[in-house]
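S.K.: Sequence plus the predicted model coming up.
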Amino acid sequence: MTPPDRPKRCCPKCQAASYLFRARKTVEEAEGKYVDTKYRCRSCSHQWWDRVAVPPEMPQADDAAGPCASHPLLPTCGDDRPRT
Ligand SMILES: [Zn+2]
């Protein structure tokens, strides 16, 4: 079992899969929001930024009779119960 929030990365310089987390910051560009994460390679000490786009937050639907919140493009689907 591997945690789903640890995608496989490696050093862009030497391809070593061993690196250290250095910093994280959120940047807002005209075209969207991004999270920049800084890593440092344990093998060659190369440091790099990894940029991941943050999807825009869905506007909350106040109208209970409106389209399904889980499927905004569909009419009410009746399948918005939590699956836990
Ligand atoms: Zn490296």
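M.R.: Alright, I've got the coordinates.
S.K.: Close to the ion: what parts of this structure are there?
M.R.: Neighbours of the ion within the chain, by Cβ under 5 Å from the ion: 11, 13-14, 16, 41, 43-44, 46. C-beta: built from backbone N, CA, C; applies to glycine.
S.K.: I'd like to know which of these is nearest to Glu57.
M.R.: Comparing these against Glu57 with Cβ to Cβ places Cys11 closest, at 32.6 Å.
S.K.: residue contacts, the closest one?
M.R.: 17, 19, 39, 41, 43-44, 46, 48 (Cβ atoms under 8 Å, 6 or more residues apart in numbering).
S.K.: Can you tell me the closest non-neighbouring residue to it?
M.R.: Nearest residue to Cys11, sequence neighbours excluded (Cβ to Cβ, 6 or more residues apart in numbering): Cys41, at 3.9 Å.
S.K.: again with Asp50
M.R.: In space, Asp50 is closest to Thr37, 4.8 Å off (Cβ to Cβ, 6+ apart).
S.K.: same deal with Tyr19?
M.R.: Tyr39 (4.6 Å).
S.K.: next one: Ser43
M.R.: For Ser43, ignoring the flanking residues on the chain, the nearest one in space by Cβ to Cβ, 6+ apart is Ala16 at 3.7 Å.
S.K.: With Thr26 instead?
M.R.: Val35 (5.5 Å).
S.K.: Kindly write the ChimeraX command that selects the buried subset of the contacts of Cys11.
M.R.: Applied in ChimeraX, the following selects the buried portion of the contacts of Cys11 according to 16 or more other Cβ atoms under 10 Å:
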select :19,39,41
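S.K.: if you look at the contacts of Cys11, which of them are in strands?
M.R.: 19, 39, 41, 48 (DSSP state E).
S.K.: if I pick Arg22, what's in contact with it?
M.R.: Per Cβ under 8 Å, 6+ apart, neighbours of Arg22: 38-40, 47.
S.K.: ignore the last one, Cys44
M.R.: With contacts defined as Cβ under 8 Å, 6+ apart, Cys44 is in contact with 11, 13-14, 16.
S.K.: Any chance of a markdown table for those, columns pLDDT and secondary structure?
M.R.: Converted to a markdown table, the contacts of Cys44 look like this (pLDDT from 0 to 100; DSSP: H, G, I helix; E, B strand; the rest coil):
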| residue | pLDDT | secondary structure |
| --- | --- | --- |
| Cys11 | 95 | coil |
| Lys13 | 96 | coil |
| Cys14 | 97 | coil |
| Ala16 | 95 | coil |
